[in-house]
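**Q** let's see this in three dimensions:
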Amino acid sequence: MTDSEDEPWIVFDDEPSVGDTITIEAAYFESGSTVTIEFRTENGNNVWHTLNQLVDKDGIVRFEFTIPDEAPLGEGDVYIFDEAGRQATHPLYIFRGADSTCEGNLKATLEKSKLNPGKQTQLNLTGAEPNQKIVLGLINAESNPVDFMLEQNVTDSHQVVIDSRCSASLEVGTLKTTPDGKYTLRGLSADGDELFNIPLTILTGSESSTPTPSPTAGEPTQSSEPNKSTEPTKDATIAPSTPQETPGPLATTGWNSLSAVGLGFAILLAGTLVLINQRNRRQH
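**A** Next up is the predicted model:
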């Protein structure tokens, strides 16, 4: 443990840019202990990077650190502490660097320019200033604002805060009750200045890339089976509307057989009548 009663301190180049490598040095910590270093955003609200380092025999911590691409730009702090409760902090301001995409020239794009009522699309914002605040609004053809969805939550402010990487991506959607028509997605600065206007069409069924038209009333629908016509062929017969009776036993004998039986019966009857008539004459 260090013999000094001095409070720990930390020092480094406190205004680096993204991609720069800085040397961080801290002193008056317990020798042989392990300290935790936290990189925090302004006011310590968010820790965006954490690492651990070993304290040497003189109570000193020294290491190099490269500012990563995802580091939040602007004001922040580096906070260092050990298990004994000794701690130190130092301000850190990160610049965006020469190759940064933060151009200060806001670009806004929608992935879809046509939406069905109640659907959503992604809004991409790039090239803005870090931490810039933008108020979104959906304007109808009569220049009146209408309600819409922002990250699936309807809010009163509809405010978007650009992140430290000068960009933002979020879901913007319409309500199910939004009428069909032409609209404008408008972005305003915190001072009320117009930053962008993106046309957006709300139309039921508009999101289908290859819409299939519904068949007109009275027109025949197309068969789902290939190479089969729905029209009857010329030699096709129409089935009777009444059921056909099942043939009875007599129908199987044939008309010729039935006629022969009847003729024989008639001859036999005629012969019988002749014999009866001759017998009656003899008696008289």
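**Q** what mean pLDDT does stretch 20-27 get?
**A** In this model, stretch 20-27 has an average pLDDT of 93.
**Q** C-alpha coordinates for that stretch, PDB please?
**A** Once side chains and other backbone atoms are set aside, the C-alpha atoms of stretch 20-27 remain, and they are given as PDB (Å, rounded to 0.1, in the frame of the first residue of the first chain):
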ATOM      1  CA  ASP A  20      -6.600   8.600 -31.300                       C
ATOM      2  CA  THR A  21      -4.600   6.700 -28.700                       C
ATOM      3  CA  ILE A  22      -4.100   8.300 -25.400                       C
ATOM      4  CA  THR A  23      -1.900   7.400 -22.300                       C
ATOM      5  CA  ILE A  24      -3.900   7.300 -19.100                       C
ATOM      6  CA  GLU A  25      -1.900   7.600 -15.800                       C
ATOM      7  CA  ALA A  26      -3.300   7.400 -12.300                       C
ATOM      8  CA  ALA A  27      -1.500   7.500  -8.900                       C
END
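**Q** residues in contact with that stretch?
**A** Residues from elsewhere that reach stretch 20-27 (C-beta atoms under 8 Å, 6 or more residues apart in numbering): 6, 8-13, 16, 35, 37, 58-67, 78, 80, 88, 97. Every C-beta, even on glycine, is put in place using the N, C-alpha and C of the backbone.
**Q** ok, and for it, which residues are buried?
**A** For stretch 20-27, burial by neighbour count (16 or more other C-beta atoms under 10 Å) applies to 22, 24, 26-27.
**Q** same check on stretch 114-129?
**A** Neighbour counts using 16+ other C-beta under 10 Å place 114-117, 119-121, 123, 125-126, 128-129 of stretch 114-129 among the buried residues.
**Q** that stretch: end-to-end distance?
**A** The first residue of stretch 114-129 is 29 Å away from its last residue (C-alpha to C-alpha, to the nearest Å).
**Q** which stretches of the stretch 1-150 of the chain have low pLDDT?
**A** Regions of the stretch 1-150 of the chain meeting the criterion pLDDT under 70 cover residues 1-5, 44, 97-104.
**Q** secondary structure and distance to Asp147 added to the buried residues of stretch 20-27, as CSV?
**A** As requested, the buried residues of stretch 20-27 are arranged in CSV below (DSSP: H, G, I helix; E, B strand; the rest coil; distance: C-beta to C-beta, whole Å):
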residue, secondary structure, distance to Asp147
Ile22, strand, 48
Ile24, strand, 49
Ala26, strand, 53
Ala27, strand, 58
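**Q** and those residues, which is closest to Ile162?
**A** Nearest to Ile162 among the buried residues of stretch 20-27, counting by C-beta to C-beta, is Ile22 at 25.5 Å.
**Q** which helix or strand contains Phe65?
**A** Per DSSP states H and E: Phe65 is located in strand 61-66.
**Q** give me the contacts around that strand.
**A** The list of residues contacting strand 61-66 from outside it, by C-beta under 8 Å, 6+ apart, reads 19-27, 29, 35, 51, 53-56, 80.
**Q** which ones among those residues map onto strands?
**A** Of the positions in these, 21-27, 35, 51, 53-54, 80 sit in strands, assigned by DSSP state E.
**Q** ends of stretch 115-127, how far apart?
**A** Using C-alpha to C-alpha, the gap from the first to the last residue of stretch 115-127 comes to 26 Å.
**Q** that older thread, reformat the buried residues of stretch 20-27 as a markdown table; add distance to Leu92.
**A** A markdown table is the format used below for the buried residues of stretch 20-27 (distance: C-beta to C-beta, whole Å):
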| residue | distance to Leu92 |
| --- | --- |
| Ile22 | 9 |
| Ile24 | 10 |
| Ala26 | 13 |
| Ala27 | 18 |
